[in-house]
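>>> Build me a model from this:
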Amino acid sequence: MADDTLTSYDEVPYSNNCFPLTHPDRLAAIAALYGLTSPAVANCRVLELGCGLGGNLIPMALGLPEGRFIGIDLSTRQIEAGRAAIDALGLPNIELRAMSIANVDAGLGTFDYVICHGVYSWVPQAIQEKIMAICAQNLRPNGVAYVSYNTYPGWHARGLVREILRYHVRQRVEAHDRVAAAREFLEELGQMVSDKESSYARILKKEDELLREAGDHYLFHEHLEDTNQPCYFHEFAGCAAAHGLLCFSEARDVDIVNLPPVAAQTLERWAANPIARQQYVDFLCNRTFRRTLLCHEQAAPASKPIPRPVAGLAIRSAARPLSERPDVASRAAEEFRGNAGALLSTNHPMIKAALVILFEVWPKTMSLEALWASVQARLVDCPELDTEMMSGGAQELSIALMRCFLSGLVGLHVHPARFARAPSERPMASPLARLQAAGGSNEVANFLHRTVQLDEFDRVVVSLLDGCDDRAGLLNRLTKLVADDLFTIYREDQPIRDLSVVRDLFSAALEPSLRRIAGHALLVDA
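Residues are numbered from 1 along each chain as shown. Here you go, the predicted structure:
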């Protein structure tokens with residue numbers, strides 16, 4: 001972070017989450033859809049600006065042992081905590097440095113991927129310029145940079161609330177005191193506004209609802225920091241262009257993918273070029289946040305994603321059909337929900353069949369060729385199947401999958417992660433998840449580079465899954481935790497002390513727990 005944010009990020013460290021949209025595998029897959037040949041993911045070099053505690057970079061280093069990862073952050077407290085985790089995991093391919101973005105130069109080397117998440121809008125303009133300069137100077141010719149930032153027009157309304165909250169807490173010093181006061185005031189202000197149907201009242205209500213679900217670190221750094229500078233997309237793109245960089249895609253572009261046909265046609269009339277097109281999308285959707293991918297101008301990406309590269313990518317999806325028995329062979333609509341909440345409703349048999357098949361084989365990946373063959377087999381007896389419906393074949397399927405990928409429903413992979421679909425005789429959890437769980441965190445990083453939430457029992461089980469114990473051994477270790485007063489289970493709010501009862505309860509709960517843990521993509525694939 002910038003020099004003037006040192007105290008605040010040491011006092012209120014940001015969340016230690018991983019961000020799946022920043023992973024090199026995803027960045028490389030998106031680059032492929034734009035006709036770019038990005039660097040190999042398996043042995044990539046990655047630089048993260050503003051790495052915090054390392055929660056985003058450490059899982060990458062664990063999952064890509066042949067890669068090389070460097071993270072920088074001005075918060076010494078966060079860097080030291082991240083280094084402790086790296087030492088505990090014994091990772092030789094990652095380094096965290098306590099330094100300012102302003103001090104990065106060519107001596108740091110060049111990188112295949114540069115990641116800057118949650119930094120750009122929260123630093124002064126000079127550091128914003130430096131971020132762009134780093135992307136130009138330290139990014140390899142065929143590399144990809146990821147930069148996230150707050151955007152207008154959506155942040156005009158949010159910025160109003162930010163100004164109000166900052167005024168109310170202006171005389172408070174302690175960060176946590178400021179956060180508590182801001183939460184209380186925003187709720188009271190919404191209740192006191194006389195015209196509950198006014199635009200102003202709706203803005204206050206919407207922001208209050210959003211911040212109730214957010215952690216204190218989010219509210220503090222988003223609304224109470226001295227610096228938060230949203231911008232219009234065209235301004236960001238102009239700054240990038242001044243450094244020889246081109247904004248070629250978003251890490252996830254749900255808004256533009258899901259535009260109705262009439263809006264998409266109107267966009268083409270409004271916009272003279274891809275940058276203007278994206279700006280008008282923000283106007284249509286009132287966008288508040290972007291995750292933009294950049295490359296060197298000479299890389300010459302396509303102006304829009306093209307489906308042809310899907311044939312060379314691995315396909316995986318855990319998108320679940322909402323009905324227990326989805327009807328794939330008719331024109332009846334079926335809904336599918338992805339891990340990140342993305343929702344798709346479709347009545348096309350080909351797309352329905354493909355999503356059901358991918359869900360059935362998850363976590364395995366499939367090639368487009370294999371998936372198309374499975375779709376044909378699944379629909380061979382479809383009464384509504386006709387030549388027109390299936391005329392495009394694999395090409396139409398690749399277009400549908402590309403759209404699902406860009407909206408977050410399907411994964412396209414250059415280097416797909418491996419993990420176990422079911423618990424083995426001696427299950428082993430990710431070393432990082434074990435470390436996090438053993439430290440008392442119910443939020444752990446999985447092999448899909450996502451942060452998953454565990455209940456207390458599953459957390460304890462994960463902390464024990466080192467691959468040494470079968471079910472009987474795990475039961476012994478769980479029971480011993482209770483015997484040693486390191487874990488307590490309750491019945492009707494009373495602790496259970498009888499170890500024979502405890503063991504019986506654990507025996508019934510262990511296998512379902514292991515299946516849930518496997519479903520979270522936390523188990524090592526043997």
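>>> and the lengthiest strand in the chain, average pLDDT?
Secondary structure of the chain read by DSSP state E shows that its longest strand is strand 139-150. Averaging pLDDT along strand 139-150 yields 97.
>>> Stretch 100-117 too?
Along stretch 100-117, the predicted confidence averages to a pLDDT of 97.
>>> Check stretch 423-433 too.
Here stretch 423-433 scores 97 as its mean pLDDT.
>>> who does the helix or strand containing residue 88 touch, helix- and strand-wise?
Under the criterion DSSP states H and E, the helix or strand holding residue 88 is helix 76-89. Here helix 76-89 is seen to pack against helix 6-11, helix 57-63, strand 94-98, helix 431-438 when contacts are counted using 3 or more CB pairs under 8 Å, 6 or more residues apart in numbering; DSSP states H and E. C-beta coordinates here come from the backbone N, C-alpha and C atoms, glycine included.
>>> Export these as JSON lines, with columns for distance to residue 26 and mean neighbour count.
As requested, the helices and strands packed on helix 76-89 are exported to JSON lines (distance: least, CB to CB, whole Å; neighbours: other CB atoms under 10 Å):
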{"stretch": "helix 6-11", "distance to residue 26": "26", "mean neighbour count": "16"}
{"stretch": "helix 57-63", "distance to residue 26": "11", "mean neighbour count": "24"}
{"stretch": "strand 94-98", "distance to residue 26": "19", "mean neighbour count": "19"}
{"stretch": "helix 431-438", "distance to residue 26": "19", "mean neighbour count": "21"}
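>>> quick one: which of the ones you listed is nearest residue 406?
Nearest to residue 406, of all these, is helix 57-63, at 21.8 Å by CB to CB.
>>> Can you give the distance from that closest one to the centre of its chain?
In terms of CA atoms, centre = their mean, to the nearest Å, the gap separating the centre of helix 57-63 from the centre of its chain is 14 Å.
>>> continuing past that helix, what's the next helix or strand?
strand 68-73.
>>> what lines up beside that following strand in the sheet?
strand 45-49 (parallel), strand 94-98 (parallel) (DSSP bridges).
>>> okay, the helices and strands packed on helix 76-89 in CSV with distance to residue 213 next?
CSV is the format used below for the helices and strands packed on helix 76-89 (distance: least, CB to CB, whole Å):
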stretch, distance to residue 213
helix 6-11, 22
helix 57-63, 24
strand 94-98, 30
helix 431-438, 22
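>>> wait, which of those is closest to residue 28?
Each of those has some distance to residue 28 by CB to CB; the shortest is helix 57-63, at 12.7 Å.
>>> average pLDDT across that closest one?
Averaged over helix 57-63, pLDDT sits at 98.
>>> got it, and stretch 174-188?
91.
>>> CA atoms of that stretch as CSV?
Output in CSV follows, covering the C-alpha atoms of stretch 174-188 (Å, rounded to 0.1, in the frame of the first residue of the first chain):
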residue,chain,number,x,y,z
GLU,A,174,-9.4,4.4,16.9
ALA,A,175,-10.2,2.5,13.7
HIS,A,176,-12.6,0.0,15.3
ASP,A,177,-14.3,2.8,17.2
ARG,A,178,-14.8,4.6,13.8
VAL,A,179,-16.2,1.5,12.2
ALA,A,180,-18.7,0.8,15.0
ALA,A,181,-19.8,4.4,15.0
ALA,A,182,-20.3,4.4,11.2
ARG,A,183,-22.4,1.3,11.3
GLU,A,184,-24.7,2.6,14.0
PHE,A,185,-25.0,6.0,12.4
LEU,A,186,-25.9,4.7,8.9
GLU,A,187,-28.7,2.5,10.3
GLU,A,188,-30.1,5.4,12.4
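>>> And it, how far out from the chain middle?
Taking the mean C-alpha point of stretch 174-188 and that of its whole chain, the gap between them comes to 28 Å (CA atoms, centre = their mean).
>>> Now the helix holding residue 88: buried residues?
Of the residues in helix 76-89, those buried under the neighbour-count criterion (16 or more other CB atoms under 10 Å) are 78-79, 81-83, 85-86, 89.
>>> Show me what the longest strand of the chain is packed up against.
On a contact count with 3+ CB pairs under 8 Å, 6+ apart, strand 139-150 meets helix 24-33, strand 111-116, helix 125-137, strand 289-296.
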